[in-house]
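Enquirer: have a look; sequence and predicted model below, questions after that.
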Amino acid sequence: MLSIPASRPNAYTGSPLDRAAKLREDDAFIAGALAGPETLFVPVWRSRSLMKGVQDGRPEAVLLTGAAAEAVRMAGGPWSFLGLWESRPVFAVDCSEAEDPLPLLPGAMGSFTDLRAVAGLLPPGEASVLAHARGLMHWRTRHRFCGICGAGCEPGSAGHVMHCTGCKGQHFPRTDPAVIMLVVRDNRALLAHSQRFPTTTMYSTLAGFVEPGESLEEAVRREVEEEAGIKVGAVRYHSSQPWPFPSSIMLGFHAEGLTEAITLDEEELRDARWFTVEQLRDPKPHGFALPRADSIARRLIEDWLAGQ
């Protein structure tokens, strides 16, 4: 089975930021940047991102400066330094404590929108910055207490570490690795209908989290056999995609199916089938839909189809 290269970058990649990790420990720089007139703030409200132009189908990220940024910070939520964008400091700030954050802002600045709903329409750099902010604020708002002793935690490293005030443990942003794979056999591809989406007709690639002590290739083989009963041979890496919904990194593969008979894990899947090239190129007449355009699942399918 030949390796299939990624045809283009995945959604949420291509960040324009220099993460400037060394500056996280520079308290004077961080204090000055928080008060600086040129500093950009990426607001996050209940996992949603501030954008304008959504209704017109031309969304743009809205980053705040000056009085608007200060108003959002007054909501009292956590913040983190994201990095530098063409030398301008960029921070994420969570304003979820506000019941409605829009009155805090000057008029007509946009609305807080689910990033996944419009990511395919955003410029790649903007989608990456919004995803970065969303993922980091999700971690900050959910790790206020130590998972070891239960004591409260205080932020350090400009919001990139939480220090336990009790046992003195350190907690860092969590990213959960997950494998996602298109299994192919005899010019057909295995797709499944998840129990998580009972009202849709979407069939997607199989996926699952990597377990402790497991290689990525082993995780691919295990997940496919567990969910669909298919034995897998060769496994070839394709690409990766940040997926901060809430906190994953998707590691994409193409895999060789050695067997054909499907045995469903009905707790996970409603259905699974082998689809032909013709069906995948024109799914609607065949009664199913492909994964969303911003997903690595869609990219795995499209790049495999391009070689058929």
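Expert: Looks like it came in fine.
Enquirer: let me know the pLDDT of S7.
Expert: Looking at S7, its pLDDT is 84.
Enquirer: wait, R73
Expert: In this model, R73 carries a pLDDT of 88.
Enquirer: so it touches A35, yeah?
Expert: No. Using Cβ atoms under 8 Å, R73 makes no contact with A35, being 10.4 Å away. Any C-beta I mention is one placed from the backbone N, CA and C, and that applies to glycine too.
Enquirer: ok, these two, which is more surrounded?
Expert: Between R73 and A35, R73 has the larger neighbour count (other Cβ atoms under 10 Å), namely 19 against 9.
Enquirer: ok, now how distant is the more buried one from L84?
Expert: 19 Å (Cβ to Cβ, to the nearest Å).
Enquirer: same deal with G233?
Expert: Per Cβ to Cβ, G233 is found 45 Å from L84.
Enquirer: looking at the two, which is more packed in?
Expert: Taking neighbours as other Cβ under 10 Å, G233 and L84 compare with L84 leading, 17 against 13.
Enquirer: hang on, that one packs against D18?
Expert: Yes. L84 is within contact range of D18, at 4.6 Å (criterion: Cβ under 8 Å).
Enquirer: contacting residues around the residue lying farthest from the centre of the chain?
Expert: No residue in the chain sits farther from the centre than A261, which is 32.6 Å out by Cα atoms, centre = their mean. By Cβ atoms under 8 Å, 6 or more residues apart in numbering, the contact set of A261 is G229.
Enquirer: now it, what's its secondary structure?
Expert: Secondary structure assignment for A261 (DSSP: H, G, I helix; E, B strand; the rest coil): coil.
Enquirer: relative to M137, how far out is P246?
Expert: 10 Å.
Enquirer: and for P242?
Expert: For P242 relative to M137 (Cβ to Cβ), the value is 14 Å.
Enquirer: ok, E214 next?
Expert: E214 is 30 Å from M137, by Cβ to Cβ.
Enquirer: which one is the residue positioned nearest the centre of the chain nearest to, not counting chain neighbours?
Expert: Central residue of the chain (Cα atoms, centre = their mean): W243, 1.6 Å from the mean position. For W243, ignoring the flanking residues on the chain, the nearest one in space by Cβ to Cβ, 6 or more residues apart in numbering is M250 at 4.8 Å.
Enquirer: and the pLDDT at that neighbour?
Expert: M250 is given a pLDDT of 98.
Enquirer: pull the contacting residues for it.
Expert: The contact partners of M250, taken as Cβ under 8 Å, 6+ apart, are A178, V179, I180, A207, S240, Q241, P242, W243, I296.
Enquirer: three-state assignment of the fourth one?
Expert: So the one you mean is A207. Going by three-state DSSP: A207 is strand.
Enquirer: the bottom helix or strand of this protein by mean pLDDT?
Expert: helix 66-73 (a mean of 89; mean pLDDT, DSSP states H and E).
Enquirer: distance between that helix and the chain's centre?
Expert: The chain centroid and the centroid of helix 66-73 are separated by 26 Å under Cα atoms, centre = their mean, to the nearest Å.
Enquirer: now A219: how far from V210?
Expert: Distance of A219 to V210, given as Cβ to Cβ: 5 Å.
Enquirer: residue contacts, the nearest residue to M162 once chain neighbours are set aside?
Expert: Sequence neighbours aside, C153 is the residue nearest to M162 in space, at 3.9 Å (criterion: Cβ to Cβ, 6+ apart). Going by Cβ under 8 Å, 6+ apart, C153 touches H143, R144, F145, C146, M162, H163, C164, T165, H171.
Enquirer: redo the residues you listed as CSV? Include pLDDT.
Expert: Formatted as CSV, those follow (pLDDT from 0 to 100):
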residue, pLDDT
H143, 94
R144, 95
F145, 97
C146, 97
M162, 98
H163, 98
C164, 98
T165, 98
H171, 97
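Enquirer: show me the two of these that sit farthest apart.
Expert: H143 and T165 (13.2 Å; Cβ to Cβ).
Enquirer: higher neighbour count, the two?
Expert: With neighbours defined as other Cβ under 10 Å, H143 and T165 compare such that H143 has more, 18 against 14.
Enquirer: what is the helix or strand W304 falls within packed up against?
Expert: Assigned by DSSP states H and E, W304 belongs to helix 296-306. Where contact means 3 or more Cβ pairs under 8 Å, 6 or more residues apart in numbering; DSSP states H and E, helix 296-306 is packed against strand 176-185, strand 188-194, strand 232-243, strand 248-257, helix 277-281.
Enquirer: what number of residues are in the vicinity of the closest residue to E211 other than its chain neighbours?
Expert: Excluding the flanking residues, the one nearest E211 by Cβ to Cβ, 6+ apart is A219, at 6.7 Å. Neighbour count of A219, defined by other Cβ under 10 Å: 22.
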